[in-house]
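S.K.: when you get a sec, could you give me coordinates for this:
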Amino acid sequence: MNAARGAWQRGGDTGMADLSTTWERELLEQFSCLTAASDEEIHPLEVTSESSDNRTSLLHLSDEVLLVILRNLDPVSLLRLGSTCSSLFRVCSCNSLWTLHFQDSFRVSLSYTHARCPVMAKTAFRLVFMWRSLFRNIHCNPALQEKLFVEIQLTPHKYWIQWLVLEESVPLPSVRLPCCDVEKLWGITRDLFQDKFKEKTEDCGTIKFEWRELYNFALEHHGSISQVFQHVLGQHQNIDHADLESMYHQYIQCRFQWLFTYWLFHQPAPYNKQLRSIFLQWKKHNKRKVATWGETLCDVRYLASLHPITKDYWRGRLARGDESVGIQMVENYFSMCKSLLAWILVRDWGRLKRRKVYEDTLDGVYLLLRREMQETLIEHERFCQVAKVQLTRVCTLEETAANYVNWKMIDTLPYYKLYLLSGNAVYLGHVKGFLRRKRLIRDWIYQEENTWSRQLLPDQLYMLLEFDTKISQESLHGDSVTAQLSRLMWLYLNSGQELYLEAVQGMVLQCARARLNHLSTLPACELRGLGLLH
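M.R.: I've put the predicted structure just below:
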C-alpha cells in the first residue's frame, strides 16, 4: 500500500498508472495461438465465387482499399478479421499494418524500406508483446526471475537476457559477463567499454556490468532504439520460442493470482502489518485459514473472497481485465479503507456501531463504483470522495433507525440500498414508513382488548408481531401459518396498504380463536399442566 495518504478530509496524492488500451488487454488471450504470416508480397484478392446479386462484399475490394480500411482496426480486431479466411489472413498480416501497431504500442518504429527488418512486423509485434507482458510483472514472477538471474550464466538461458537490452530500466542486480558474450548477445563492440577493462576482477575475462550501462552501450553502438530492437529480433528469427510461449501461457492464466499474492504479502514494513489489519478488520473470517497469512500453504483465493473488490480482481473483472491497473485500484481502495477506519475509530461510538458504519459504508462504495471499476482506474481521491458521501448516508439511516436493533432490521430492505446508492429522500421516507408500520403492528397486539389473543398465540407467531423481529427472506416461503403471516406482514410493511394490515389482524385473531377452540376441548388436568388453568 502506498505510504502516507494524508488526512481523511483532504485525501492524498497517488501516481496514476498508465492506462492500457482496450485491445492490449484482449491480446493476452489472442496471441497465445497466433501464427506468423509469410514474407510473400500481397497480391490482389481472388474472389472464388460470384455474388448472386449486385452487392459488393469485402472480398471484392482491392488490396489498397482494404489496407486503408484495416488501418482503423485495433490489433485484436485485426487478428479476428484475419482468422475468418485465408485471403483476409494474408492482408491482415501486412507489414504496413503491424508496423503502425508496433509504433503505437512500443514507441519504436520498424523499417521495411531501406534496411529490411529481419522478421515480419506481425511476428515482431507478437514476440515483443509477449516479452513485455512478462517483463512488466517480473517482480512477482519467480520463474522468470530464475531464468534472468539465478541461471543467467548458463548458455541455454542467454535467450532470455538478450531481451533485457530492450528495457531501459531492469530491476535486477548487476551481472558479470565475458566481453565476447556481450558482443554476441547485443552486437556491442568491445571498444565502447574499454574503460571497463581497467577494473581488475578475480574472474579473468569477465566484466561487471550494470543493466543501464548495457542499454546505453547498445544504443550508442546501433544508433537508435529502433535499430536495437531490429538487432535483437534478428538474433531471434531462427530460434524456437516455445519457452517464451510456455511462460506466456502460464502468465495469462496466473497473472491475477501472482499480482494479488505479491501485493498482499510483500508490502514493505510497517505497511505489511497495517494491510493485514485493514484487510481483516471487522470481517468474518476463518481464523485457521488466516493463521497461515503469507506462508506457502496460505489459501490466497479464500483471502480474496473476503472483499468484493478483491474477488472481482481475482476473476479479472476490474479495469477491463488489466491486471496492473486493477491491482493499483485495489491498492487505492484499501488506502481509502485505512483513512475511513482512522476517521471512524476517533468517533465516540460503541464497537457495534463503528463496525456497522464501516461495513455499510464500504458496501455502499462498492455498489456505487462497481460498474466504473469494471471499466477504468479509480484513484484514491475518488474512493475517498464517494466514501464520505456514503458515510453521511449511513449515519442518516442510523439516526432514522434510532437504535442498533432497528438498524439491523432495516439493512436488508431494498430501500436501504437504494438510499445508499442515490441519497434520494424518497427512499429514506420508505424506510421511515416501514419502521412506523412495524410499530403500529406491535402497538395493536399490545392493546388491552387483544390481551386474550396475545396470550393464546403460539410463540413463533407472537414473535413476528414484535417490533424488533426481523423478517427473513427464507421465512416468506412455504405454506405454514408462520410463512403466511410473514408474507402478509411483509406486504403491509413495504406497501402501507391498509387491506394487508386488516388481513394481518384477521389472521392473528383467527389463529387465537383456533387455539382457544382447541384448548376448550382439553380436560382440566391438561390445561393445568399447560399453565392455562389455576
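S.K.: what's near enough to touch the most centrally placed residue in the chain?
M.R.: By CA atoms, centre = their mean, the mean C-alpha position of the chain lies nearest to Tyr313, the distance being 2.3 Å. The contact partners of Tyr313, taken as CB atoms under 8 Å, 6 or more residues apart in numbering, are Phe256, Phe260, Ala304, Gly326, Ile327, Met329, Val330. All C-beta spots, glycine's among them, are computed from the backbone N, C-alpha and C.
S.K.: ok, it to Gln374 distance?
M.R.: Separation of Tyr313 from Gln374 (CB to CB, to the nearest Å): 11 Å.
S.K.: mind listing the strands for the chain?
M.R.: Secondary structure of the chain (DSSP state E): strands located at 175-178, 206-209.
S.K.: right, and Asn450 touches Arg442 too?
M.R.: No - between Asn450 and Arg442 there is no contact, the gap being 11.2 Å when judged by CB atoms under 8 Å.
S.K.: of the two, who's got more company?
M.R.: When neighbours are counted by other CB atoms under 10 Å, Asn450 comes out ahead of the other of Asn450 and Arg442, with 17 against 14.
S.K.: for Tyr462, see how far away that one is.
M.R.: With distances defined as CB to CB, the gap from Asn450 to Tyr462 amounts to 11 Å.
S.K.: and if you look at Leu66?
M.R.: With distances taken as CB to CB, Leu66 is found 79 Å from Tyr462.
S.K.: give me the more crowded residue out of the two.
M.R.: A direct count of neighbours by other CB under 10 Å for Leu66 and Tyr462 places Leu66 higher, at 21 against 18.
S.K.: what sits closest to the more buried one if chain neighbours are left out?
M.R.: Residue nearest to Leu66 in three dimensions, not counting chain neighbours: Val91, with 5.3 Å by CB to CB, 6 or more residues apart in numbering.
S.K.: count of neighbours near that neighbour?
M.R.: For Val91, the count of nearby residues is 23 (other CB under 10 Å).
S.K.: could you dump the contacts of Tyr313 into TSV and include pLDDT, neighbour count and distance to Gln103?
M.R.: As requested, those are arranged in TSV below (pLDDT from 0 to 100; neighbours: other CB atoms under 10 Å; distance: CB to CB, whole Å):
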residue	pLDDT	neighbour count	distance to Gln103
Phe256	95	22	29
Phe260	95	22	33
Ala304	96	21	38
Gly326	96	29	27
Ile327	95	25	28
Met329	97	26	29
Val330	97	25	32
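S.K.: farthest pair within the residues you listed?
M.R.: Ala304 and Met329 (14.1 Å; CB to CB).
S.K.: buried ones in stretch 67-87?
M.R.: Buried residues in stretch 67-87, defined by neighbour count with 16 or more other CB atoms under 10 Å: Leu67, Leu70, Leu73, Asp74, Pro75, Val76, Leu78, Leu79, Leu81, Gly82, Ser87.
S.K.: can I get those residues in a markdown table including distance to Leu428 and pLDDT?
M.R.: Written out in a markdown table, the entries for the buried residues of stretch 67-87 read as follows (distance: CB to CB, whole Å; pLDDT from 0 to 100):
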| residue | distance to Leu428 | pLDDT |
| --- | --- | --- |
| Leu67 | 60 | 88 |
| Leu70 | 55 | 90 |
| Leu73 | 50 | 91 |
| Asp74 | 46 | 90 |
| Pro75 | 49 | 90 |
| Val76 | 46 | 87 |
| Leu78 | 52 | 91 |
| Leu79 | 51 | 90 |
| Leu81 | 52 | 90 |
| Gly82 | 56 | 89 |
| Ser87 | 63 | 86 |
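S.K.: now, the most widely separated pair of the residues you listed?
M.R.: Farthest-apart pair in these is Asp74 and Ser87; separation 20.9 Å (CB to CB).
S.K.: and for Leu127, the neighbour number?
M.R.: Number of residues near Leu127 (other CB under 10 Å) recorded here: 22.
S.K.: pretty sure it sits against Leu233.
M.R.: Yes - if you go by CB under 8 Å, Leu127 and Leu233 touch, sitting 6.9 Å apart.
S.K.: dump the residue contacts of Phe149.
M.R.: Remark: with contacts taken as CB under 8 Å, 6+ apart, Phe149 is in contact with Leu172, Pro173.
S.K.: again, only using 6 Å
M.R.: Residues in contact with Phe149 (CB atoms under 6 Å, 6 or more residues apart in numbering) are Leu172.
S.K.: for it, report the pLDDT, please.
M.R.: The pLDDT attached to Phe149 in the predicted structure is 74.
S.K.: distance of it from Thr123?
M.R.: Applying CB to CB, one obtains 28 Å for the distance of Phe149 from Thr123.
S.K.: likewise Glu379?
M.R.: As defined by CB to CB, Glu379 lies at a distance of 38 Å from Thr123.
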